[in-house]
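*Asks:* Test case, fold it:
(one chain, ligands or ions: 1)
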Amino acid sequence: IERDSTVTFRFTVMMKGPINMAINPPVDATKTPEWAALQKHYDELQSEGISLKQWFADDAERVDKLSFDAGDLHFDLSKNLIKPETLQLFADLAKAVKLDERTKAMYTGVHINNTEDRAVLHTALRRPVEDEGKYIVDGQDTVKDVREVLDRIYAFADEVRSGKWTGVTGKKIETVVNIGIGGSDLGPQIATQALHAYRKQVRVHFVANADDANIAKVLTGLKAETTVFSIASKSFGTPETLLNAHAAREWFRDQGLRAADIARHFVAITSEVQAARNFGIAADHIFAMFDWVGGRYSVWSAIGLPLMVAIGEKHFREFLRGARAMDEHFFTTPYRRNIPVLLALIGIWYNNFYQAPGYAVVPYSHNLRRLPAYLQQLDMESNGKHCGIDGGSVALDTGPIVFGEEGVNCQHAFFQLLHQGTRLIPSDFIVPMRTAYKVGRQHRFVVANAFAQAEAFMRGKTLAEARAELADLPEAVRDALAPQKVFPGNQPSNSILIDELTPFNLGMLLAMYEHKIFVQGTIWGINPFDQWGVEYGKVLAKAIEPELNRDQTLHHDSSTNGLIDFYRACQQR
Ligand code: F6P
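*Replies:* This is a model prediction of the structure:
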């Protein structure tokens with residue numbers, strides 16, 4: 001065994017079976033009295049009649065009873081189809097499914113990712129150095145291992161930022177191009193965009209898609225001698241990433257640099273050290289990822305390298321500190337006031353009681369524009385499962401369809417359906433209260449729109465109100481038009497206000513969603529940490545790609561054969 005922590009870890013895991021059979025079976029939430037109590041509460045609310053507008057009028061303290069703070073984040077949950085007493089029922093259910101046991105199992109390194117027989121320790125990535133020696137998992141001091149890798153990356157990022165790290169011709173590095181996909185792209189990308197105001201010196205680009213338009217556009221105008229490529233792939237086997245990594249290497253050679261120069265211009269973040277070395281990356285420039293961190297939970301790890309280059313060590317540490325603050329909140333706050341727990345249960349309320357088809361993520365912030373994409377992976381790759389931890393079918397609908405877009409743009413697109421469609425679709429409005437840019441009255445305008453939309457979703461507009469607005473029109477026209485202007489209302493939303501988009505607050509926000517998704521997975525009895533569906537995607541195209549080239553007999557269904565034939569014909573043009 002090499003004295004490389006990653007290799008040591010992998011050795012330990014390889015000694016175990018492919019599936020951890022020892023994990024406690026989940027509690028079937030639907031069979032608990034607490035679930036029955038929630039169902040009864042739901043039925044009572046339905047027969048009483050739901051009117052958020054009325055509930056606000058009846059209870060002057062509703063907003064206080066349903067608002068919570070964590071650090072500089074403010075959560076107004078009062079525009080949900082719940083009463084203040086619903087929160088206790090939520091908390092009771094979280095307790096009934098033994099959330100506390102499973103949370104402890106997670107942060108102490110039990111192999112709760114049972115189908116891959118792995119620990120789930122993204123929280124270890126943000127533990128303080130004082131915790132060294134306290135979290136020994138599979139014989140390894142996880143906190144110490146994390147610190148050692150992060151220290152190496154901080155040093156690298158600092159050299160690149162300060163210009164000490166030069167390219168082969170002695171020039172400063174101007175651009176870092178991250179090549180990775182899924183968790184090896186979305187996390188660092190969203191964080192780098194979100195913290196744009198903290199960026200200095202070096203430009204950071206992201207290439208994820210295997211579509212050549214992606215890499216071609218990024219490379220346009222770059223110079224090999226001032227560019228560093230960071231190949232980010234936990235497995236170092238993801239086809240899209242390898243394709244792009246090879247394209248980058250060829251581009252590098254085409255620019256007149258030698259194969260030996262690659263050492264100064266390519267780094268890798270991976271847990272497959274040998275594969276990265278085979279690609280030509282120097283051992284010193286390979287940063288370890290740990291077996292126990294999943295791709296979509298890895299922004300806090302070496303995968304954060306592009307972010308570190310963009311914002312520097314000090315701010316990256318703040319980002320981790322923010323996540324840690326949310327961990328502490330989640331681990332220690334009673335469920336009745338525990339924000340990830342409450343948001344998770346609110347999600348379950350709509351998913352499993354109201355049968356809502358999905359929920360919208362709406363950041364009123366251009367810098368958070370990739371948050372919906374990030375949460376799509378985090379949520380849907382984690383909880384899009386039909387099979388329970390015990391191998392049986394789940395009793396409930398699991399992960400919701402997550403979609404979204406930055407506000408105010410989405411107001412001119414899918415908001416119509418939220419205002420006047422026939423479906424219940426809850427939203428998360430995420431709104432920074434201050435901006436670093438201070439251009440005109442732009443920010444006030446955006447904030448006003450966020451508040452106004454959430455209010456309109458909640459209030460709706462009655463037929464009488466619509467008619468009153470059309471008072472100047474002839475009676476017949478008013479009768480015809482007024483129903484079109486009715487808004488049903490009672491469209492729920494969470495307002496998540498962030499004092500300012502700082503590294504600390506961003507860390508809190510992202511960690512909050514991680515824990516929310518974990519709580520939901522626990523209630524649904526699934527393992528949120530594997531992803532057999534997307535793994536399947538990695539092998540699917542392997543059979544078809546060679547067939548696109550060759551004139552051979554096809555054995556697919558007639559539709560797939562037709563698509564392949566069409567592609568072949570287009571290549572003859
Ligand atoms: O597509 C599946 C997936 O495994 C994601 O979970 C992961 O984030 C992504 O591929 C990239 O994987 P890797 O970092 O191994 O290249």
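*Asks:* Tell me where this structure is predicted with low confidence.
*Replies:* Where the chain drops to pLDDT under 70, the residues are 1-18, 21-23.
*Asks:* 90 - rerun?
*Replies:* For the chain, the stretches with pLDDT under 90 are 1-26, 138, 200-201, 257-260, 263, 390, 438-440, 534-543, 550-552, 573.
*Asks:* and it, which residues reach the ligand?
*Replies:* Neighbours of the ligand within the chain, by C-beta under 6 Å from any ligand atom: 181-184, 233-235, 238, 241, 295-296, 381, 531, 534. In this view, the C-beta of every residue, glycine as well, is placed from N, C-alpha and C.
*Asks:* I'd like to know which of those residues are buried.
*Replies:* Applying 16 or more other C-beta atoms under 10 Å to the residues of the chain next to the ligand, the neighbour count classes 181-184, 233-235, 238, 241, 295-296, 381, 531 as buried.
*Asks:* so after the helix or strand that contains R317, what's the next helix or strand?
*Replies:* Using DSSP states H and E, R317 maps to helix 305-332. Counting by DSSP H and E, the next helix or strand C-terminal to helix 305-332 is helix 339-348.
*Asks:* Name the surrounding residues that touch that next one.
*Replies:* If you take C-beta atoms under 8 Å, 6 or more residues apart in numbering as the criterion, helix 339-348 is touched by 68, 70, 73, 75, 77, 80, 82, 87, 90-91, 93-94, 99, 326, 329-330, 333, 335, 359, 400, 426, 494, 512-520, 523.
*Asks:* Next step: those restricted to helices.
*Replies:* Counting by DSSP state H, the contacts of helix 339-348 place 87, 90-91, 93-94, 99, 326, 329-330, 512-520, 523 in helices.
*Asks:* pretty sure N20 is touching N114, no?
*Replies:* Yes: under the criterion of C-beta atoms under 8 Å, N20 makes contact with N114 at 4.2 Å.
*Asks:* For the ligand, give me its nearest residue in the stretch 251-400 of the chain.
*Replies:* Nearest residue of the stretch 251-400 of the chain to the ligand (C-beta to the nearest ligand atom) works out as G295 at 2.4 Å.
*Asks:* Look up phi and psi at the closest residue to that residue other than its chain neighbours.
*Replies:* By the measure of C-beta to C-beta, 6 or more residues apart in numbering, the closest residue to G295 outside its immediate chain neighbours is G183, 2.8 Å from it. Per-residue torsions, G183: phi -60, psi -20 (degrees, to the nearest 10).
*Asks:* Is G183 in contact with I303, as I believe?
*Replies:* Yes: using C-beta under 8 Å, G183 makes contact with I303 at a distance of 7.0 Å.
*Asks:* Which parts of the stretch 1-150 of the chain are helices?
*Replies:* Taking DSSP state H, counting those that start in this stretch, the helices of the stretch 1-150 of the chain run over residues 5-14, 33-48, 52-58, 62-65, 86-96, 99-107, 142-162.
*Asks:* between the longest one and helix 305-332, how many degrees?
*Replies:* Looking back up the chat, that one is helix 142-162. For helix 142-162 against helix 305-332, the angle by axes from the mean of the first three to the mean of the last three C-alpha atoms, to 10 degrees is 150 degrees.
*Asks:* Against which helices or strands is the helix or strand R568 falls within packed?
*Replies:* Assigning secondary structure by DSSP H and E places R568 in helix 558-571. Secondary-structure packing of helix 558-571 (3 or more C-beta pairs under 8 Å, 6 or more residues apart in numbering; DSSP states H and E): helix 532-549.
*Asks:* How about E159, nearest residue that isn't a chain neighbour?
*Replies:* Closest to E159 by C-beta to C-beta, 6+ apart is W165, at 3.7 Å.
*Asks:* Now the one you found, what are its backbone angles?
*Replies:* The phi and psi values for W165, taken as degrees, to the nearest 10, are phi -80, psi 110.
*Asks:* Reformat the residues of the chain next to the ligand into a markdown table and put secondary structure and distance to F206 next to each item.
*Replies:* Output for the residues of the chain next to the ligand, formatted as a markdown table (DSSP: H, G, I helix; E, B strand; the rest coil; distance: C-beta to C-beta, whole Å):
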| residue | secondary structure | distance to F206 |
| --- | --- | --- |
| I181 | coil | 10 |
| G182 | helix | 12 |
| G183 | helix | 13 |
| S184 | helix | 10 |
| S233 | coil | 13 |
| K234 | coil | 16 |
| S235 | coil | 18 |
| T238 | coil | 15 |
| T241 | helix | 12 |
| G295 | helix | 15 |
| R296 | helix | 16 |
| E381 | helix | 18 |
| Q531 | coil | 21 |
| V534 | helix | 19 |
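*Asks:* Okay, and the beta partners of the residue lying closest to R203 once chain neighbours are set aside?
*Replies:* Spatial nearest neighbour of R203, excluding adjacent residues (C-beta to C-beta, 6+ apart): T175 at 4.7 Å. With beta bridges defined as DSSP bridges, T175 has these partners: R203, T227.
*Asks:* quick one: T175 and the ligand, what's the gap?
*Replies:* T175 sits 22 Å away from the ligand, going by C-beta to the nearest ligand atom, to the nearest Å.
*Asks:* which ones are touching that residue?
*Replies:* T175 is in contact with V202, R203, V204, H205, L222, T226, T227, V228, counting by C-beta under 8 Å, 6+ apart.
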